[in-house]
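Using only what follows, build the 3D model:
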Amino acid sequence: MRTVLLGSDFIYDKDGNLKPLEINTNLGWDSARIEWATEDIVDYSGLDAFITQNQINEVIFIGSIYELDLSFKQHFSGTSINYIWIQTESRAITVPFVEDGENKLIIRSAYDTTALVDEEYCANNINFLNLISGQTFGTETAYKNDVGELINNITYVGDNGEHPNFILKSIGAEYNRSVYPKLYKFSNTTEVNEFLETLPNGFFLMHYHFNDSKLYQNHVRIIRSLNILFPPNLESIHLGAYSKITNLNLDLPNSYDATTKELSPELNEKYITKYSNWSLPKLADGDMVQLADGTFVTVEDLQVGDLLKTIDIPNSGLLNNRKETINYQIDLNEFISGSTYVSNTITNKSRVNKITNVVKLNFTDGSDWYDTEHSPYLIYKNNEVRFNYINKLEPGDIVLLIDTSQTEISVVQKIIETVEWERKIFNGWTITVAEEHLFLTKTTQSGTNIQFAAIEHNLGEPCNCSNCAFPCKDCPWASPPPTTCWYGQCFYVGGIPC
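Below is the predicted model:
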């Protein structure tokens with residue numbers, strides 16, 4: 001029995017109804033989801049009933065979702081079901097052939113160019129929206145057909161207050177994600193029609209639905225439903241659902257172009273869920289950064305062009321060899337005697353309010369430290385100074401902090417006693433610095449003595465698989481290691497870029 005796993009995205013309209021946005025095969029497993037644990041997402045009741053009813057004794061999953069494979073393995077372990085994972089690359093468009101059978105259930109997540117649902121409705125958003133246009137849950141759209149004729153089904157202009165009420169999206173799956181989607185606030189159908197006169201080919205306009213009573217901690221949320229479709233009778237087997245939220249909350253005031261009515265692009269992530277690279281240093285609201293003159297400023301007051309005080313460490317060239325552990329290959333005495341203070345320049349600063357895992361380090365002296373899970377920290381381990389990600393640190397590891405009250409470089413060693421994790425929204429900023437990858441930061445949000453600063457490491461831009469600073473197989477965040485590329489970034493099975 002051949003089936004296909006679909007992800008259906010929904011958003012709440014002003015009346016609290018869920019409106020379908022699109023359907024997809026080859027699902028990602030969004031990192032911006034509220035429900036982090038797979039067991040809080042997957043619901044096996046419908047699948048188990050289907051398996052029992054059809055006397056299934058073998059389940060084969062074809063796809064790249066590593067987390068779902070682990071869930072299937074655990075669920076079918078110890079049962080009479082023989083479970084097999086046929087792993088595909090996340091951007092593959094061909095599916096390995098698997099012979100079907102009466103007692104065999106094949107669940108395909110991988111994209112298949114020969115499948116009707118994939119090519120007609122997943123790869124073409126307009127075809128899907130047209131399919132449901134006659135239903136109460138459908139959404140009005142405007143687009144150009146294959147011969148360039150405008151098809152305008154928009155009959156009204158909704159009122160979302162200060163929030164956008166229309167969105168311009170790509171019909172196909174391949175588009176410039178740094179530019180689209182675009183959001184607009186039109187006052188009447190005249191403004192809509194004027195906009196449609198210049199509607200670009202390959203894109204469509206649709207209502208942007210908004211409901212402020214369905215927010216999650218002041219973030220817009222999208223509901224992704226997971227369903228297994230059994231084509232012979234179009235039976236849909238619910239496999240669970242999760243909520244993914246935007247990377248910016250609604251606190252920032254909106255700004256629209258007076259002529260085009262477009263929302264300022266830097267505010268788009270208030271309203272759309274979009275992957276945001278976490279490979280940059282992160283500063284929480286209230287965190288302080290040391291300037292070149294020795295003074296500290298809060299991240300809110302930090303400006304592009306400011307000179308930061310940072311540190312030049314012996315063997316700093318090893319920073320270009322980014323692995324799970326960046327090892328300077330020096331002991332603590334060599335680090336202290338050979339390091340010097342230098343300056344660095346802020347090149348970019350961006351606001352972020354993103355849900356993530358936050359790690360809390362509890363030190364043996366009673367102090368503690370918080371940061372997001374992929375933040376690198378300078379530690380002393382096995383008699384060597386090195387960087388390692390905070391989510392890789394363990395009890396007994398020694399974190400090196402700089403005593404900023406001293407004119408010469410002075411180091412305090414903080415021994416980790418316990419490590420705690422919390423799923424929460426990180427409110428703060430990402431920044432980039434020009435040289436040497438490093439800057440000094442301290443936090444007022446923990447019990448750590450305020451005179452001590454951590455040495456943050458600027459990881460730089462996303463890696464390109466052809467010239468990645470570390471090979472895909474060495475990606476520090478991936479288990480198992482990355483296997484594919486997508487738009488120039490290394491990806492591991494499960495879809496999260498390294």
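
Please make it C-alpha for all contacts and neighbour counts, starting now.
Will do.

If you count contacts, what does whichever strand or helix holds residue 385 end up packed against?
Element membership for residue 385 (DSSP states H and E) is strand 384-389. Contact here means 3 or more Cα pairs under 8 Å, 6 or more residues apart in numbering; DSSP states H and E; on that basis strand 384-389 packs against strand 325-327, helix 332-338, strand 376-381.

Output those as TSV; include the columns distance to residue 313.
Shown next, in TSV, are these (distance: least, Cα to Cα, whole Å):
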stretch	distance to residue 313
strand 325-327	11
helix 332-338	7
strand 376-381	11
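
Specify the stretch among the ones you listed that is closest to residue 168.
strand 376-381 (37.8 Å; Cα to Cα).

So what angle separates the directions of that closest one and strand 384-389?
140 degrees (axes from the mean of the first three to the mean of the last three Cα atoms, to 10 degrees).

What pairs with strand 376-381, parallel or antiparallel?
strand 384-389 (antiparallel), strand 398-403 (antiparallel) (DSSP bridges).

circling back: which of the helices and strands packed on strand 384-389 sits most buried?
strand 376-381 (a mean of 23; mean count of other Cα atoms under 10 Å).

Give me the mean pLDDT for that one.
Averaging pLDDT along strand 376-381 gives 86.

next one: that strand to chain centre, how far?
Put simply, strand 376-381 sits 25 Å off its chain's centre (Cα atoms, centre = their mean, to the nearest Å).

Export the strands paired with strand 376-381 to CSV and append columns for mean pLDDT, mean neighbour count and distance to residue 71.
Formatted as CSV, those follow (pLDDT from 0 to 100; neighbours: other Cα atoms under 10 Å; distance: least, Cα to Cα, whole Å):
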stretch, mean pLDDT, mean neighbour count, distance to residue 71
strand 384-389, 84, 22, 26
strand 398-403, 89, 22, 35
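
For the ones you listed, give me TSV that also has distance to residue 146.
Formatted as TSV, these follow (distance: least, Cα to Cα, whole Å):
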stretch	distance to residue 146
strand 384-389	50
strand 398-403	60
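
so which of those strands gets nearest residue 427?
The nearest among those, by Cα to Cα, is strand 384-389 at 19.9 Å.

which residues are contacting that closest one?
324-332, 335, 373-380 (Cα atoms under 8 Å, 6 or more residues apart in numbering).

Would you mind splitting the protein into its domains for me?
What automatic domain parsing lists as the domains of the chain is 2-270, 282-457.

Nearest to residue 7 among the strands paired with strand 376-381 would be which one?
strand 384-389 (32.0 Å).

what about that closest one, distance to the chain center?
25 Å.

before we move on, what about stretch 18-32?
The answer for stretch 18-32 is 13 Å, by Cα atoms, centre = their mean.

CA atoms only for it - export them in PDB, please.
Output in PDB follows, covering the C-alpha atoms of stretch 18-32 (Å, rounded to 0.1, in the frame of the first residue of the first chain):
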ATOM      1  CA  LEU A  18      -7.900  27.800  10.100                       C
ATOM      2  CA  LYS A  19      -7.200  28.700   6.500                       C
ATOM      3  CA  PRO A  20      -5.000  26.300   4.400                       C
ATOM      4  CA  LEU A  21      -1.900  28.000   2.900                       C
ATOM      5  CA  GLU A  22      -0.100  25.200   1.100                       C
ATOM      6  CA  ILE A  23       0.700  21.500   1.200                       C
ATOM      7  CA  ASN A  24       4.100  19.900   0.900                       C
ATOM      8  CA  THR A  25       5.900  16.600   0.600                       C
ATOM      9  CA  ASN A  26       9.600  16.400   1.500                       C
ATOM     10  CA  LEU A  27       8.800  18.100   4.800                       C
ATOM     11  CA  GLY A  28      11.200  20.000   6.900                       C
ATOM     12  CA  TRP A  29      11.200  19.600  10.600                       C
ATOM     13  CA  ASP A  30      11.100  23.200  11.600                       C
ATOM     14  CA  SER A  31      13.400  24.400  14.300                       C
ATOM     15  CA  ALA A  32      11.100  27.300  15.100                       C
END
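
Give me the buried positions along that stretch.
18-27, 29-32 (16 or more other Cα atoms under 10 Å).

do stretch 98-115 as well
Those would be 104, 105, 106, 107, 108, 109, 110, 111, 112, for stretch 98-115 by 16+ other Cα under 10 Å.

Just those: which are in strands?
104, 105, 106, 107, 108 (DSSP state E).

Closest to residue 9 out of these?
Distances from residue 9 to those, taken by Cα to Cα, are shortest for residue 108, at 18.4 Å.

how near is that closest one to residue 122?
14 Å (Cα to Cα, to the nearest Å).

Now the lengthiest helix in the chain - C-alpha only, CSV.
Using DSSP state H to define each element, the chain has its longest helix at helix 66-76. As requested, the backbone C-alpha atoms of helix 66-76 are provided in CSV (Å, rounded to 0.1, in the frame of the first residue of the first chain):
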residue,chain,number,x,y,z
TYR,A,66,15.7,11.9,10.8
GLU,A,67,13.5,12.8,13.8
LEU,A,68,10.5,11.0,12.3
ASP,A,69,12.6,7.9,11.5
LEU,A,70,13.7,7.8,15.2
SER,A,71,10.0,8.1,16.2
PHE,A,72,9.0,5.2,13.9
LYS,A,73,11.8,3.0,15.2
GLN,A,74,10.8,3.6,18.8
HIS,A,75,7.1,3.1,18.1
PHE,A,76,7.4,-0.1,16.2
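
Pull the distance from the helix or strand following it to the chain's centre.
Sequence-wise, the next helix or strand downstream of helix 66-76 (DSSP H and E) is strand 82-87. Centroid separation for strand 82-87 versus its chain: 27 Å, with Cα atoms, centre = their mean.

same question, stretch 372-391
So, by Cα atoms, centre = their mean, the centroid of stretch 372-391 is 23 Å from its chain's centroid.

Any stretches of the stretch 51-200 of the chain with poor pLDDT?
Within the stretch 51-200 of the chain, the stretches with pLDDT under 70 are 90-91.

Output the strand holding residue 385 in CSV, but only the C-alpha positions, please.
The C-alpha trace of strand 384-389 is given here as CSV (Å, rounded to 0.1, in the frame of the first residue of the first chain):
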residue,chain,number,x,y,z
GLU,A,384,44.3,22.9,26.0
VAL,A,385,42.4,26.2,25.3
ARG,A,386,39.6,25.6,22.8
PHE,A,387,36.2,26.7,21.7
ASN,A,388,33.2,24.4,22.0
TYR,A,389,29.5,24.9,21.7
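
what kind of secondary structure is the residue nearest to residue 296 when sequence neighbours are not counted in?
Residue nearest to residue 296 in three dimensions, not counting chain neighbours: residue 290, with 4.3 Å by Cα to Cα, 6 or more residues apart in numbering. Of the three states, residue 290 takes strand under DSSP: H, G, I helix; E, B strand; the rest coil.
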